[in-house]
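Student: quick one, what's the 3D model for this:
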Amino acid sequence: MTDDDTTAGAVAGPGDSSPGPSPVRTDAPDPAAATLPPELAGAARTLFGDRLDLAAAYAELLATDGVVRGLIGPREAPRIWDRHLLNCAAVAERISEGATVLDVGSGAGLPGLVLAIARPDLTVTLIEPLARRTSFLIEAVERLGLAKTVRVFRGRAEEAATGASGVGPLSGDVVTARAVAPLDRLAAWCLPLAVAGGRLVALKGASATEEITEHAVTVAKLGGGEPTVHRCGVDVIDPPTTVVEIVRERMVGPARPKAAKKSRGGRSRRR
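Tutor: Now for the predicted structure:
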């Protein structure tokens, strides 16, 4: 297997073995790129509170190891706070106290790891199929001291929903995703992970309303309620974070295979 095989793995904590090595860049990133800009300090204190130092440690991790491993582009490092950390942390206002959160396609931990930093009351599972990314996530959880509230599942959303490698099916009160896929595919992957009455909270951009119009019928077929758009972090960050929320109103299971047609003799026809 290569480092980017997308086979499922057990839910892992920081003490488990790493899925494998990660590619290394030859140019060393500058940790100073993760420094919190003074103009964003007020927003950062509002969103992270007394865990701002922990958020700063994660920002430095993204700007160094994240860049080295190819999870964050070098040009993104100076924008880690406004484009990534604050943008994700603002979503916490849409999540109730003590909720269980599943973050699909977590990548470098956005938004799942950010939410775990901002909200220590949450229990977060980071779902990611690529080995080099899960390796980074496991190490980040350990280095940030978040093992009590954060775990990592290596696999696809479909595998997390049905159970894989000896791990039972996962489910949560809230399922998050950021820049993963259009709303129809996102609902197909994420709604089966939500408990009845649970919600998909998808971070979206300016196309959120258009996506709702285009995919509302598909979302309904998947058991989702009417999608709604919310702005998070109003009067705290500019621009606010746009999210689309979908409540799982009906438990729609996977499609069952059609039974083979029988011949007159009672035997199934072979094609």
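
Student: can you report phi and psi for the spatially most central residue of the chain?
Tutor: Taking Cα atoms, centre = their mean, the centroid of the chain lies closest to D103, which sits 2.8 Å from it. Phi and psi for D103, reported as degrees, to the nearest 10, are phi -110, psi 110.

Student: for it, which non-adjacent residue is closest in space?
Tutor: Nearest non-adjacent residue to D103, counting by Cβ to Cβ, 6 or more residues apart in numbering: G112, 2.8 Å away. For the C-beta atoms, the positions are set from N, CA and C on the backbone; glycine is no exception.

Student: pass me the low-pLDDT residue ranges in this protein, would you?
Tutor: 1-29, 165, 253-271 (pLDDT under 70).

Student: quick revisit: I figured the residue nearest to D103 was touching T100, is that so?
Tutor: No. G112 lies out of contact with T100 (Cβ atoms under 8 Å); the separation is 11.6 Å.

Student: between these two, which contacts overlap?
Tutor: V124, T125 (Cβ atoms under 8 Å, 6 or more residues apart in numbering).

Student: which of those two has more neighbours?
Tutor: Set G112 next to T100 and count neighbours by other Cβ atoms under 10 Å: G112 wins out with 29 against 17.

Student: any idea what sits nearest D65, other than its immediate chain neighbours?
Tutor: Nearest to D65 is F136, by Cβ to Cβ, 6+ apart, at 6.5 Å.

Student: helices or strands up against whichever strand or helix holds that neighbour?
Tutor: Counting by DSSP states H and E, the element that carries F136 is helix 131-143. Applying 3 or more Cβ pairs under 8 Å, 6 or more residues apart in numbering; DSSP states H and E, one finds that helix 131-143 makes contact with helix 52-61, helix 112-118, strand 123-128, strand 150-154.

Student: which strand in this protein has the most residues?
Tutor: Using DSSP state E to define each element, the chain has its longest strand at strand 194-204.
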